[in-house]
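J.: what follows is a predicted protein model with its sequence.
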Amino acid sequence: MNTSRFLLLLLAAVLCTPAMAQPLSARNTVYVQLGGNAIAYSLNYERLFTAHLTGRIGAMYAHLDVGDLEDVTETEGKETLVFVPVMVNYLLGTGKHRVELGAGPLLVTSDAGGGGIAATATAGYLYRPNRGFNARLGFTPAFSTGFFLPWGGVGLGYSF
């Protein structure tokens, strides 16, 4: 067998062999994200469905003094906003270091009667051992018709 065939066969064997990394058995993760899909911050719960697929829901609550925005609106007083990202994420790779890709709706409500739905996405790095401390860093844009907010976030949490 010549060298090029041997290297090709070796490469195929490495790529087709399951990784020896311990599978993720900790199905639940809670974490805080600064910036990120809910814009300012969020508290999140994530569930691992398969070795590579997760679902996530988060929430951000903000109580704003609308009087500080006089150049934008004539309304005085306080306004409460709630941002809720609901996402499906795909994890690339095995072991502790992964690439996280995800998308979903960003629900926005306001006690002033407003609200709506935008879209949000994630493309980033996830450090997630089987159990315990985890961290993430990513590009987390929000967008809808005629609107695009390039954004990012960092998160710290715990898997159990």
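T.: Arrived safely. Note that the coordinates shown come from a computational prediction; the quantities given were computed from them, not determined experimentally. Residues are numbered from 1 along each chain as shown.
J.: packing partners for the strand or helix carrying Arg136?
T.: According to DSSP states H and E, Arg136 maps onto strand 132-139. Where contact means 3 or more Cβ pairs under 8 Å, 6 or more residues apart in numbering; DSSP states H and E, strand 132-139 is packed against strand 28-35, strand 115-127, strand 152-159. All C-beta atoms are positioned from the backbone trio N, CA, C, and that covers glycine.
J.: try it again with 7 Å
T.: In terms of contacts (3 or more Cβ pairs under 7 Å, 6 or more residues apart in numbering; DSSP states H and E), strand 132-139 is packed against strand 115-127, strand 152-159.
J.: strand partners (parallel or antiparallel) of the last one?
T.: Strands adjacent to strand 152-159 in the sheet, as given by DSSP bridges, are strand 28-35 (antiparallel), strand 132-139 (antiparallel).
J.: what's in contact with the helix or strand following the first one?
T.: This points to strand 28-35. On the C-terminal side of strand 28-35, the nearest following helix or strand under DSSP H and E is strand 41-48. Outside strand 41-48, the residues that touch it by Cβ atoms under 7 Å, 6 or more residues apart in numbering are 24, 27-34, 36, 54-60, 85.
J.: what subset of these is buried?
T.: Buried by 16 or more other Cβ atoms under 10 Å: 24, 29, 31, 33, 36, 54, 56-58, 60, 85, out of the contacts of strand 41-48.
J.: show me what contacts the residue nearest to the spatial centre of the chain?
T.: Nearest to the mean C-alpha position of the chain, by Cα atoms, centre = their mean, lies Thr122 at 5.1 Å. With contact taken as Cβ under 7 Å, 6+ apart, Thr122 is in contact with 37, 87, 89, 100-102, 138, 140.
J.: can the helices and strands packed on strand 132-139 go into JSON lines with extra columns for distance to Thr109 and mean pLDDT?
T.: Shown next, in JSON lines, are these (distance: least, Cβ to Cβ, whole Å; pLDDT from 0 to 100):
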{"stretch": "strand 115-127", "distance to Thr109": "4", "mean pLDDT": "96"}
{"stretch": "strand 152-159", "distance to Thr109": "21", "mean pLDDT": "98"}
